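Q: Quick one: sequence and predicted model below, then my questions.
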Amino acid sequence: MIEGPRDGEDATGADGRADAGVDSGPPTPPPAPPSSPSPAAHGPRRLRSLLIGTVIAAALAVFLFVGLGQNSGSGPAAAPVVGIGNMAPDFSLPSLTAGPPVSLHALGPAHHHPVVLNFFASWCIPCQQETPLLARTATAERAKGSIVQFVGVDVADSPAQAVPFARQSGLTYPIGTDSTLRVAAVLYGLNGEPNTFFISGSGRVLGHVIGPVSPPQLDQWLHRLAGSSG
């Protein structure tokens, strides 16, 4: 005769193991793997990073390219820039307009005439903005009998571009062509355009403007040069 469990006993056997048919509850599920953002979530962040990098690179390129002027390109290594108070190096260059050679000394100091010496190029964007001002001012100075001479040096340019540029800008003063940068880089130590030197009647550098000359700057220097013919 099979007896049931005695009073005080449960459905476990003597060894304490549960009967096979007894359900002890649902098993504990394994921990879920950590969630990762969907590929779509990376899109906006990646695009934003690319845009920021592009903007920074573009700004750096503009800064390096513009600076205070535009570089003349490859050529002889520049010497130290002619300093204030030094004598302006003399030179003789072929004329852009097929006239006589352009000589700084012959046009200025030889006659005790002060000189506004401007280095430019037709491809230089700041020069394109500055040159018409110089052309108008030179014409006005000549009309009122001023002894101040304007001299231009066209740097690392081609006559096919420079001649139309000079004509359209209204340039009528002597312009020399410095295709090899012998004057701009070797004699004056320049590595970009525009650059303007203000030279006394004795041939000494009184001032130097890097980049485009403003109308107030030009007026100020013309007044000073007018009193420096000796």
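A: Great, that's in hand. Numbers count the residues shown, from 1 in each chain.
Q: ends of stretch 178-195, how far apart?
A: This stretch, stretch 178-195, spans 14 Å end to end (C-alpha to C-alpha, to the nearest Å).
Q: so who does Thr137 touch?
A: Taking C-beta atoms under 8 Å, 6 or more residues apart in numbering as the contact definition, Thr137 lies against 150, 218, 222. C-beta coordinates here come from the backbone N, C-alpha and C atoms, glycine included.
Q: So which of those belong to strands?
A: Those of the contacts of Thr137 mapping onto strands are Phe150, per DSSP state E.
Q: What residues of the helix or strand hosting Gln161 count as buried?
A: When secondary structure is defined using DSSP states H and E, the element that contains Gln161 is helix 159-169. Residues of helix 159-169 classed as buried: 159, 162-163, 165-166, 169 (neighbour count, 16 or more other C-beta atoms under 10 Å).
Q: So what touches that helix?
A: Counting by C-beta under 8 Å, 6+ apart, the neighbours of helix 159-169 from elsewhere in the structure are 96-97, 121-123, 128, 131-132, 135, 152, 154, 175, 177.
Q: Could you identify the helix or strand that succeeds that helix?
A: Proceeding N to C from helix 159-169, the next assigned helix or strand is strand 175-178, under DSSP H and E.
Q: Output the contacting helices and strands for that next one.
A: For strand 175-178, the elements it packs on are strand 92-93, strand 149-155, helix 159-169, judged by 3 or more C-beta pairs under 8 Å, 6 or more residues apart in numbering; DSSP states H and E.
Q: Leu190 is nearest to which of the ones you listed?
A: strand 149-155 (7.8 Å; C-beta to C-beta).
Q: Note down every partner strand of that closest one and its orientation.
A: In its sheet, strand 149-155 lies beside strand 115-120 (parallel), strand 175-178 (parallel), with partners assigned from DSSP bridges.
Q: That strand vs helix 159-169, what angle?
A: Counting by axes from the mean of the first three to the mean of the last three C-alpha atoms, to 10 degrees, strand 149-155 points 150 degrees away from the direction of helix 159-169.
Q: and the helix or strand hosting Ala106, which residues are buried?
A: Under the assignment given by DSSP H and E, the secondary-structure element containing Ala106 is helix 104-107. Applying a neighbour-count criterion of 16+ other C-beta under 10 Å, the buried positions in helix 104-107 are 104, 107.
Q: Show residues contacting it.
A: Everything outside helix 104-107 that qualifies as a contact, by C-beta under 8 Å, 6+ apart, is 88-91, 113, 115, 117, 149, 151, 174, 199, 203.
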